[in-house]
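> show me the folded form of this:
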Amino acid sequence: VLAGQSREHVEACRSYGMNLGVAFQLIDDALDYGGTAAKLGKNVGDDFREGKHVFLHATVYVSYNKKIDDAVLLVENGKVVSVVDAKFAGELGGGYIMHDMRGKFIYPSFIDIFSDYGMPEVAKPKGSEDPQMESNVKGAYGWNQAIHTDFHADKNFTVNDKAAEELRKLGFGTVLSNKKDGIARGTGAVVTLNNDKENFVMIKADASANYSFNKGSSTQDYPSSLMGSIALLRQTYYDAQWYKSATDKKEFNINLEEWNKEQILPQIFDASGDWQKILRADKIGDEFGVQYIIKTKGDEYQRIDEIKNTKAKIITTLNFPKAFDVEDPYKAQWVSLEEMKHWELAPTNCALLAKAGIDFSITTSDLEKKDDFLSALRKSVKYGLDSSQALKALTYNPASFINVYDKIGSLETGKLANFFITSKPLFDDKCEINENWIQGKRYEIKAFDQKDIRGEYSLSIAANTPTATFKLKVTGEANSPKAQIV
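Numbers count the residues shown, from 1 in each chain. You can find the predicted model right below:
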């Protein structure tokens, strides 16, 4: 029919076919919501229950390095069916709920692999005047209670929708969660931020083994210093090697059993504090043939060459220092040059990591207010971080670090339908996240084209004479305003 026709004729036919399909789908959606099975030819509500959605004409970032400007995204049963250019979409078939996304942008949801979302609260150590030389943990455990290799995040995780909502509105859809307690912290689990039963949000159990220099809630006297923490880690490695190779064991040790099992997992080391701890952690890893993924403080720029030589993958933070108050000469004299330089250079950290060829991911950890995350991310881009590298650090890299890129990290066919929709390109200061879809479930962040009514108003009430006039102040979030008469 179209052979030998002009380009204009072919395009007109394509547009007609697409619009006819959309019109058919709108009728199908209406019937699916309020029709009858006899008219519909299928059970009413099947499309909604099956989560069959098509997003039309958005700019879709399939991955950090692949963008389709006028795309059609198909989602079914919580997974991506396909993302194609609208020119090549063809017939959509029946049963899809239509979403016109003209002028909108769709990105794979972010991933944070240094989180404690859904974990039990870490108990604060109770002080005692008496020394505690031995572990007070009962059972066939090791001799030091700062070694928690028996902790498994998947067995302790509970959904917390309030905490999840805080991350969803920043664009996150998945986290690697671990209880941040102890020198050996046990395993982490990969979970989505969906508000569903734990069984359905758990993507991968025992996804990482986690370590630090901080003994956490342990009340045992040892270790009491960084040197002691290093010694305890090294001793545990040697004890575990002996335990594994012993042919005639005279004891059963839960912690050493679990330690040895966890060595096949991605090894994450929390070296927060300063760049020197990064090098110390890597030196321990080198001694025992372990390549850590190292969580840092965000000051890697100070020793970028040395850190590159560790060959470690990095989890970095965007916890930039606030500007110092130097108006008061007395206060100003107490601000050191080191502090001033860190204030100046911290926003360049991610750009310098990328320039050095160091693989890194970004975490919300350490932020005083998580709401600052997106502005800090955009600040990193303004200070030299390429926008594609920023996306890579929040999608591809974290998923690859913990071996779950086959499930999340992009919008390729078969992966979880984790994505968020924005009003403008993500790194535009005026960009707003409108929706975050997790496992094909929609979470509204800010309604499309919602009016921002925040501000101060004059409120007149004429019920009495004379008319009463008040000042009305509207504050809060744009999508959840609060009014107060002042």
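> report the contact partners of residue 358.
Residues in contact with residue 358 (Cβ atoms under 8 Å, 6 or more residues apart in numbering) are 300, 304, 307, 308, 313, 314. Quick note: C-beta positions are derived from backbone N, CA and C, even for glycine.
> quick check: the third one is in a strand.
Right, residue 307. No. Per DSSP: H, G, I helix; E, B strand; the rest coil, residue 307 lies outside any strand segment and is helix.
> hang on, isn't it packed against residue 300?
Yes. Using Cβ atoms under 8 Å as the test, residue 307 is close enough to residue 300 to be in contact (5.2 Å).
> can you list residues touching both of these two?
Contact criterion Cβ under 8 Å, 6+ apart; residues shared by residue 307 and residue 300: 275, 278, 314, 358.
> mind checking pLDDT for the last one?
Here the pLDDT value assigned to residue 358 is 98.
> next: residue 248.
pLDDT, read off for residue 248, is 86.
> same question for residue 30.
So residue 30 comes in at 59 (pLDDT).
> do the same with the one 4 residues further on
Reading off the confidence values, residue 34 has pLDDT 55.
> if we can go back for a sec, quick one, which of the contacts of residue 358 are buried?
Among the contacts of residue 358, those buried by neighbour count (16 or more other Cβ atoms under 10 Å) are 300, 304, 307, 313, 314.
> please flag which of the residues you listed sit within strands.
Those of these mapping onto strands are 313, 314, per DSSP state E.
> returning to that earlier point: of all the contacts of residue 358, which comes closest to residue 55?
residue 313 (32.7 Å; Cβ to Cβ).
> over to residue 238. Which of the three states is it?
helix.
> what number of residues lie near it?
12 (other Cβ atoms under 10 Å).
> show me the contacts for residue 462.
Residue 462 neighbours (Cβ under 8 Å, 6+ apart): residue 468.
> going by residue numbers, what spans are helices in the stretch 301-450 of the chain?
Along the stretch 301-450 of the chain, counting by DSSP state H, counting those that start in this stretch, helices occupy 304-309, 329-332, 337-345, 349-355, 373-382, 387-394, 396-401.
> so for residue 81, which of those sits nearest?
It is, among those and with distance given as Cβ to Cβ, helix 396-401, at 19.8 Å.
> which elements pack onto the closest one?
On a contact count with 3 or more Cβ pairs under 8 Å, 6 or more residues apart in numbering; DSSP states H and E, helix 396-401 meets strand 110-115, strand 313-317, strand 360-363.
> follow-up on the earlier one: columns pLDDT and distance to residue 96 on top of the contacts of residue 358, output as TSV?
Below are those laid out as TSV (pLDDT from 0 to 100; distance: Cβ to Cβ, whole Å):
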residue	pLDDT	distance to residue 96
300	96	46
304	96	49
307	97	48
308	97	47
313	98	39
314	98	41
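> need the max-distance pair from those.
In terms of Cβ to Cβ, the contacts of residue 358 reach their longest pairwise distance at 304 and 313, which sit 14.7 Å apart.
> just give the closest residue to residue 133, not the sequence neighbours.
residue 221 (6.0 Å; Cβ to Cβ, 6 or more residues apart in numbering).
> OK, contacts around that neighbour?
Residue 221 sits next to 131, 132, 133 when contact means Cβ under 8 Å, 6+ apart.
> where does it land in three-state SS?
Once three-state DSSP is applied, residue 221 turns out coil.
> and it, what pLDDT?
Per-residue confidence (pLDDT) for residue 221: 91.
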